[in-house]
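1. The sequence isn't on hand, but the structure is:
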């Protein structure tokens, strides 16, 4: 259940909007808006009939009466974005006596009944301190069922007057955090799908989705995040990251510390616009919490010399000039032995992840970030339009994004697969190789270990979603992978269908349920890698 809080000054305007069944291009259509809960007087006057404008005005007058009777004004700071200073600045104060929160379910959860929403609304306002349960005079409030949004989310709206019956002001200090905590408690109480308190991925609003659908292209943020994640994972230094990001077609610009032109504290990226269009810029932190520059720097080498090289590349990118270095690591082809090395690292990583405590969130996030970057880089190399590799990268990236990274300490040392993204970015052509099959198996096994971690932690939704993407979307891609060259009978497949290589099939099987309808996965068969001295050019997996 997702809370969304706003503050305002006009109760009548809010209630008329909540009761309206008219819509325009910027609003969801409201079908049969009706009360499901409220203070005692509200519920004594109104039943569950559909509200009209007159009802909305009458309810607003009732909710607003204590504020007007006591002549109380509640003000909060008015903050606006200053483009020149690149920060929010205080420009005055604004009235904010109206507290409004929507409570939404995910589309997959379906709908709740009015009595269920009523119980949830009553518990919610109790927990937020707006009723007599707080030991103070009550606030007047009403909860309206808005039905299902265009995105398929069943939801209600709660409107509260922040002036209590005795004229005192209700405190909203920490209301965002308290609302999140309350929703997690109500999810458990009412058997709703429990959202993660550990991970928090960025969502996409309706306007972004509508623009992408209209232009028949991928959403900007989704495409940008994948390219940034691939470039960051493939890079050993910040300067290399800037060059790789530009190589993917991104426009890149730095954000400087105040009064400097060489101290970079953040960045923005944009897709190269079509003729006649302007670029749409997104900061790294708006793409994903783990794509902030401070977070990315944790995975790169650093020194005064490297910092100077990075500043030079950022400045060149800001001016749309040629890259400073044209002989960086991104221009070299890694030797074949590196595929064996990273396959071994990935194998060792999987083994250690299976023994890692499921509540070591920092370490799990780091592992998820690296394997997500590998799939993102492979997607960039092979998929002209987003496909199964992109979907797998996006799903794994959710585990890489922690709500409060500082609260989880530092990750423990584990075998690193960060360079895997570099291998995929440097792979020549679109051909798939046996070396890629071997490495893919271990990436799938890493994804399975992350899936198990979510399941053991009780995060069923995350576990099911990851399993679904890997088994349903990635498996057809695996069917096109070449099998390792080994002696033995050829793998069997249905007529007209290519077989899934045995090595990859084992990993995919590990993500599948033990029987139809079962949520318990089987244990995947560990992979072993070894060298051959014959004509093979890459690592070969034992069958």
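-> In hand now; what should we look at? Nothing here was measured: the structure is a model prediction, and the numbers come from that model.
2. need the contact list for residue 165.
-> Each residue near residue 165 by Cβ atoms under 8 Å, 6 or more residues apart in numbering is listed here: 66, 137, 138, 139, 140. Where you see a C-beta, it was placed from the backbone N, CA and C, and this is true even at glycine.
3. residue boundaries of the strands in this protein?
-> Taking DSSP state E as the criterion, the chain contains strands spanning 2-8, 34-38, 75-82, 87-95, 98-104, 141-148, 154-161, 250-256, 264-271, 282-283, 529-530, 540-541.
4. Next, format these as CSV and append mean pLDDT, mean neighbour count and distance to residue 328.
-> As requested, those are arranged in CSV below (pLDDT from 0 to 100; neighbours: other Cβ atoms under 10 Å; distance: least, Cβ to Cβ, whole Å):
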stretch, mean pLDDT, mean neighbour count, distance to residue 328
strand 2-8, 89, 15, 43
strand 34-38, 91, 23, 60
strand 75-82, 72, 11, 35
strand 87-95, 73, 11, 33
strand 98-104, 93, 22, 46
strand 141-148, 89, 23, 51
strand 154-161, 93, 24, 50
strand 250-256, 93, 19, 15
strand 264-271, 92, 20, 18
strand 282-283, 88, 18, 25
strand 529-530, 34, 16, 29
strand 540-541, 30, 22, 32
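5. Of these, give the one that comes closest to residue 350.
-> Distances from residue 350 to each of those were compared by Cβ to Cβ, and the smallest falls on strand 529-530, at 11.7 Å.
6. Let me know how buried the closest residue in space to residue 313 that isn't next to it in sequence is, in neighbour terms.
-> Setting aside the residues directly before and after it, residue 313 is nearest to residue 242 in space (Cβ to Cβ, 6 or more residues apart in numbering), at 4.0 Å. The burial count assigned to residue 242 is 30, neighbours taken as other Cβ atoms under 10 Å.
7. Give me the pLDDT for residue 242.
-> On the pLDDT scale, residue 242 is placed at 96.
8. From residue 264, how far off is it?
-> Applying Cβ to Cβ, to the nearest Å, one obtains 10 Å for the distance of residue 242 from residue 264.
9. what do these two both touch?
-> Shared contacts of residue 242 and residue 264, defined by Cβ under 8 Å, 6+ apart, comprise 310, 314.
10. Low-confidence regions, this protein specifically.
-> 22-30, 48, 79-87, 90-91, 108, 151, 193-219, 404-408, 428-431, 483-543 (pLDDT under 70).
11. mind redoing it with 50?
-> Residue ranges of the chain with pLDDT under 50: 24-27, 203-214, 216-218, 485-500, 503, 506-507, 509-510, 512-543.
12. Let me know how buried the spatially closest residue to residue 228 that is not a sequence neighbour is, in neighbour terms.
-> Of all residues beyond its chain neighbours, the one nearest residue 228 is residue 291 (5.5 Å), with distances taken as Cβ to Cβ, 6+ apart. Other residues lying near residue 291 total 25 when counted by other Cβ under 10 Å.
13. Residue 291 reaches residue 225, doesn't it?
-> Yes - with contact defined as Cβ atoms under 8 Å, residue 291 counts as touching residue 225 (6.5 Å).
14. Okay, residue 70 and residue 97: tell me how far apart.
-> Note on residue 70: its distance to residue 97, by Cβ to Cβ, is 11 Å.
15. whoops, I mixed them up, residue 433
-> The spacing between residue 433 and residue 97, counted by Cβ to Cβ, is 65 Å.
16. and what of residue 10?
-> Using Cβ to Cβ, one gets 9 Å for the distance from residue 10 to residue 97.
17. what's the answer for residue 41, then?
-> As it turns out, when the distance is counted by Cβ to Cβ, residue 41 lies 19 Å from residue 97.
18. neighbour count winner among those two?
-> Just comparing residue 41 and residue 97: by other Cβ under 10 Å the higher neighbour count belongs to residue 97, 23 against 12.
19. wait, isn't the residue nearest to residue 313 in contact with residue 312?
-> No - in this structure, residue 242 sits apart from residue 312 without contact. The criterion is Cβ under 8 Å, and the distance is 9.2 Å.
20. Not counting its neighbours along the chain, what's nearest residue 225?
-> Leaving aside its sequence neighbours, residue 225 sits nearest to residue 287 (Cβ to Cβ, 6+ apart; 4.2 Å).
21. and what of residue 368?
-> Distances taken as Cβ to Cβ, 6+ apart place residue 399 nearest to residue 368, at 3.7 Å, with adjacent residues excluded.
22. Might one say that that neighbour is in contact with residue 465?
-> No - between residue 399 and residue 465 there is no contact, the gap being 10.7 Å when judged by Cβ under 8 Å.
23. tally of neighbours for residue 402?
-> If you count neighbours by other Cβ under 10 Å, residue 402 ends up with 20.
24. can you offset everything so residue one is 475?
-> Sure, I'll start numbering at 475, so the last one becomes residue 876.
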